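Student: model the following, please.
(one chain, ligands or ions: 2)
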Amino acid sequence: MTEFKQTPHINAKGEIAETVLLPGDPLRAKFIAERFLTDVVQFNSVRNMFGFTGTYNGKRISVMGTGMGMPSMGIYSYELIHVFGVKNLIRVGSCGALQDDLNLYDVILGMGASTNSNYVNQYHLPGTFAPLASYSLLEKAKKAADEKGVPVHVGNILSSDTFYNADEDAAGKWRDMGILGIEMEAAALYMNAAQAGVNALCILTVSDHIFKEEETTAEERETSFTNMMEIALELA
Ligand SMILES: O=P(O)(O)O[C@H]1O[C@H](CO)[C@@H](O)[C@H]1O
Ligand SMILES: O=c1cc[nH]c(=O)[nH]1
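Tutor: Ligands and ions are numbered 1, 2, ... in the order given. This is a model prediction of the structure:
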């Protein structure tokens, strides 16, 4: 019988593929598994952070929630990489758009992830680190989007430690630096991947616009961001 490893957060009851899609919302993970995968096995339910492995276009691929924020993403991505041998980590998240030319449901590929977090301090680097996506995953995702006819915006995103920010000027300052949208996990994912020498990419769907005051519902954030999901699934 195959023995599956366990950590305090992932009690693997089944295989985990080398490529894992990572939505913040574990119910978005369940939706992706049910909608797109065949031969699905649920490998994790610890803390209701559902993880599934199934087949897409003949290839095994996993999908697992990460929760919200960089500490949570830090834990799950670290364990997936260092305990379970995952090589390609693809976040499929929602974000608040900052630029005028972005609209609800637009898809963003996060080439870089600026951040207001201290996550990088653990590495004691003698300078400032620029968290970047894996170029190979980025290139593949852009090609998959082009083939599907889904327009994508490629650029710098912000991984923020705050969803509700007491500084009302903060979002405008990031907008003026060209940041496309705000989310809460990609920088930690990119740093964990860089430190371990594996591949990471953050794909986002615009769930709301910070300045146009438009937003999608919780249910839409769980089940309707299918262009992003289909692009990510091509990366196995
Ligand atoms: O929809 P997910 O993937 O959770 O991503 C975004 O949504 C959450 C905040 O509502 C944060 O996790 C943020 O990064
Ligand atoms: O972090 C996030 C995610 C979605 N929308 C936001 O405004 N912020």
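
Student: and the spatially most central residue of the chain, backbone torsions?
Tutor: Compute the mean C-alpha point of the chain, and by C-alpha atoms, centre = their mean the closest residue is Arg91, 1.6 Å away. Backbone torsions for Arg91, taken as degrees, to the nearest 10, come to phi -80, psi 140.

Student: who does it form a beta bridge with?
Tutor: Taking DSSP bridges as the rule, Arg91 bridges to Leu22, Cys202.

Student: next one: it from Ile108, what distance?
Tutor: Applying C-beta to C-beta, to the nearest Å, the value for Arg91 to Ile108 is 11 Å. For every residue, glycine as well, the C-beta is placed using N, CA and C.

Student: okay, and the common contacts of those two?
Tutor: The contact sets of Arg91 and Ile108 overlap at 203-204 (C-beta atoms under 8 Å, 6 or more residues apart in numbering).

Student: Leu109 in helix, strand or coil?
Tutor: Leu109 falls in the strand class when you classify it by DSSP: H, G, I helix; E, B strand; the rest coil.

Student: endpoint to endpoint, stretch 38-55 covers what distance?
Tutor: 5 Å (C-alpha to C-alpha, to the nearest Å).

Student: list the buried residues of it.
Tutor: Across stretch 38-55, burial judged by 16 or more other C-beta atoms under 10 Å covers 40-44, 49-54.

Student: can you redo those residues as a markdown table with distance to Leu235, secondary structure and pLDDT?
Tutor: Output for these, formatted as a markdown table (distance: C-beta to C-beta, whole Å; DSSP: H, G, I helix; E, B strand; the rest coil; pLDDT from 0 to 100):
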| residue | distance to Leu235 | secondary structure | pLDDT |
| --- | --- | --- | --- |
| Val40 | 18 | strand | 98 |
| Val41 | 20 | strand | 97 |
| Gln42 | 21 | strand | 97 |
| Phe43 | 19 | strand | 97 |
| Asn44 | 21 | strand | 98 |
| Met49 | 21 | coil | 98 |
| Phe50 | 20 | coil | 98 |
| Gly51 | 17 | strand | 98 |
| Phe52 | 16 | strand | 98 |
| Thr53 | 15 | strand | 98 |
| Gly54 | 15 | strand | 98 |
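
Student: if anything else comes up later, I'll come back, but that's it for now.
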